[in-house]
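Engineer: no sequence for this one, just the structure:
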Ligand SMILES: Nc1ncnc2c1ncn2[C@@H]1O[C@H](COP(=O)(O)OP(=O)(O)OP(=O)(O)O)[C@@H](O)[C@H]1O
């Protein structure tokens, strides 16, 4: 035991006491706020009701209702703040802090002791008992080794001498581990954290953030941050901490809703959903690319990344080349040029119909557009056309409202219908009966013409699909027929989605969201340049944090990090790009990491974190029956001391086949794109659904030469192996994949189901 542990425990106890006191007062305040909120809400409902009943008091009650509404909003906010404080205090109570630094500021004679935890805590005299890990001074804990250190404050760079750095593990108020260290954050605590079993949810890494991860977390100077990190290097962990940091750093100007994270799949979204709440912050918005696209293409089946991956296997070389062209930045530039040069006669306007009859003909729309000055930007001309159409629609409504037919309709309305059309207006509020009739007549026509208004508002008077097909015909003629054919079946290939949306936005001038301040994209190596350009276009104000591992490229060719940064900075028009590389892998035991790095051509750059475990196991079998038998044995073995085993396959067909073979023997789950949570037992999933996840035990079935024949398979095999934290088993049916042959035999244990000659 550390000699100072008893003294430190006394301090923990004292801090706990303060936390308990804060908890009591906050609980009281929270209960009061809750009661106040429900009373204000009750009042609001009553007042709102009065408003609709009492005619004379209308103005007065309206103002009152507004006031009440504001009061409700304020009370909701107050209650939320107190609720969050309560959650934070409860978390602090279990483990108030994890670090201590003693620093001597320049010019001072006595060192100051600071304790660092997930949130700040002050006593009644405003002395800091705990500093938030995101406070400027806390960066010393993550960055500094003993001696002279610097840290950034809003007022500039400060320097100090770091005299002592201490780490704690505190569980339920008791110090279970504590030691002094000179390293950034010492190995010992990290060792024990990483040795734990996997969990349904990712944990925060606040107590053990490493120096280079800290760089990512605290960067506020760059508009494009590209993190290239090897598998398991903490990219995802670091960005979640970064989001928490940004929310703290810009707390007056940034809220969680202004941050979007694109995640690789829904399982991943679920897996990371607890990290920010555990740091006392609200979750950012999370989306998968498929979700983003399907919201924008209603009525069309947009191919998902996974379907594209499955399709790639059957794609001819010619079609692969076409696909690559559509995914390149150059294709998006072509589109821009095409739109800039579009003349009115080339725009694919379409009739607006009402009940099958032409209401606004495409000729009329075309003439409207053409009548506007050609020097005007296309987006302005388009908007102006829209305004003119709406004006004409209003005119038609007025005309139609005076028609005999409509006036007759007004006469024959039932009382209930009449009241419905009156809406918030009151009977008798009009000076003349005729005015009231006219009003009702207009309401009737408006209702009938609502589809026209919607069509104009939603830009349905231009056929963007036809426009895109026209673009393809002139710029990539080989691709036009397939696009049209897909469309007939209401399908859209993934590579057409971003260019199509871009084309639409470039013409209509719509589709942008200026409120998003930060856009995070995980597994960026799986995105095409065209998709990234489109996302940047949609979120023009957002700073970008892109995380990737070129080696885990399932969908795109491998690319060097620096090349990728240069390419991205140009195509995304970044002013201050920065590349950060993470080369240390934390997820797996050193045996697994050393094995998987041997798969890579430049695997030397991967550094294994020194956490020992069994070597990966390679089981050689000669036929399907033997390999299935070995697989069953291995699953049984793993399930004896673990609650979950992941069987990760190359594709869906393989997953389905194995499910058929195994579900009678084990509690087996075949995971699909729609799954959100990971059950226990044997789970079978194709690699693209396992992206970003980790498992105690991973088995890869059929790593034979016929399944992984060439260098292109490296990314897939590497990604599968790197999902394993503690145990990795590979089974080959027949000759092993050539990539695995290159791995030095001392890096794994082999097992044969047949006699070696
Ligand atoms: N500083 C750290 N302290 C504790 N655990 C860490 C740290 N960095 C990473 N880890 C752990 O290592 C594992 C891998 O981290 P993470 O999933 O963030 O890596 P990644 O680079 O996104 O991985 P991949 O690209 O392979 O999906 C996680 O279990 C994470 O908790």
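Structural biologist: Nice, thanks for sending it over. It should be emphasised that the depicted structure is a prediction, and the values quoted were computed from it without experimental measurement.
Engineer: Who are the contact partners of residue 288?
Structural biologist: 262, 263, 264, 265, 266, 269 (Cβ atoms under 8 Å, 6 or more residues apart in numbering). Any C-beta I mention is one placed from the backbone N, CA and C, and that applies to glycine too.
Engineer: so what's residue 89 up against?
Structural biologist: Residue 89 neighbours (Cβ under 8 Å, 6+ apart): 19, 22, 23, 26.
Engineer: farthest pair in those?
Structural biologist: 19 and 26 (10.0 Å; Cβ to Cβ).
Engineer: quick one, which of these two is more surrounded?
Structural biologist: residue 19 (22 against 18; other Cβ atoms under 10 Å).
Engineer: And the contacts of residue 89, which is closest to the ligand?
Structural biologist: The ligand has its nearest neighbour among the contacts of residue 89 in residue 19, at 24.8 Å by Cβ to the nearest ligand atom.
Engineer: Residue 211: neighbour count?
Structural biologist: 13.
Engineer: Isn't it up against residue 144?
Structural biologist: No. Counting by Cβ atoms under 8 Å, residue 211 sits too far from residue 144 to count as a contact (9.2 Å).
Engineer: could the contacts of residue 89 go into CSV alongside distance to residue 433?
Structural biologist: Below are the contacts of residue 89 laid out as CSV (distance: Cβ to Cβ, whole Å):
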residue, distance to residue 433
19, 71
22, 67
23, 67
26, 62
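Engineer: near the ligand too, which of those residues?
Structural biologist: When contact is defined as Cβ under 6 Å from any ligand atom, the contacts of residue 89 do not meet the ligand at all.
Engineer: quick revisit: out of the contacts of residue 288, which is most surrounded?
Structural biologist: Among the contacts of residue 288, residue 265 has the most neighbours (other Cβ under 10 Å), with 27 neighbours.
Engineer: Got phi/psi on the residue of the stretch 201-350 of the chain found nearest the ligand?
Structural biologist: Evaluated by Cβ to the nearest ligand atom, the stretch 201-350 of the chain has residue 234 as its residue closest to the ligand, separated by 2.9 Å. Per-residue torsions, residue 234: phi 90, psi 20 (degrees, to the nearest 10).
Engineer: ok, it to residue 220 distance?
Structural biologist: Separation of residue 234 from residue 220 (Cβ to Cβ, to the nearest Å): 20 Å.
Engineer: neighbour-wise, which of the two wins?
Structural biologist: Under the neighbour definition other Cβ under 10 Å, residue 234 and residue 220 were set side by side, and residue 234 has more, 24 against 11.
Engineer: Quick one: residues contacting the residue of the stretch 201-350 of the chain closest to the ligand.
Structural biologist: By Cβ under 8 Å, 6+ apart, the neighbours of residue 234 are 205, 210, 213, 582, 586.
Engineer: Tell me where the stretch 351-500 of the chain has helices.
Structural biologist: 362-370, 378-401, 404-411, 415-422, 433-457, 464-475, 477-488, 494-508 (DSSP state H, counting those that start in this stretch).
Engineer: got the contact list for the fifth one?
Structural biologist: Right, the one you point to is helix 433-457. By Cβ under 8 Å, 6+ apart, helix 433-457 touches 352, 354, 359-360, 386, 389-390, 393, 396-398, 400-402, 406-407, 409-410, 413, 418, 421-423, 425, 427, 430, 460-461.
Engineer: so residue 349 bridges to which residues?
Structural biologist: residue 462 (DSSP bridges).
Engineer: packing partners for the helix or strand hosting residue 563?
Structural biologist: Assessed by DSSP states H and E, residue 563 sits inside helix 561-571. Contacts defined by 3 or more Cβ pairs under 8 Å, 6 or more residues apart in numbering; DSSP states H and E place helix 561-571 against strand 224-229, helix 329-340, helix 529-538, strand 577-582.
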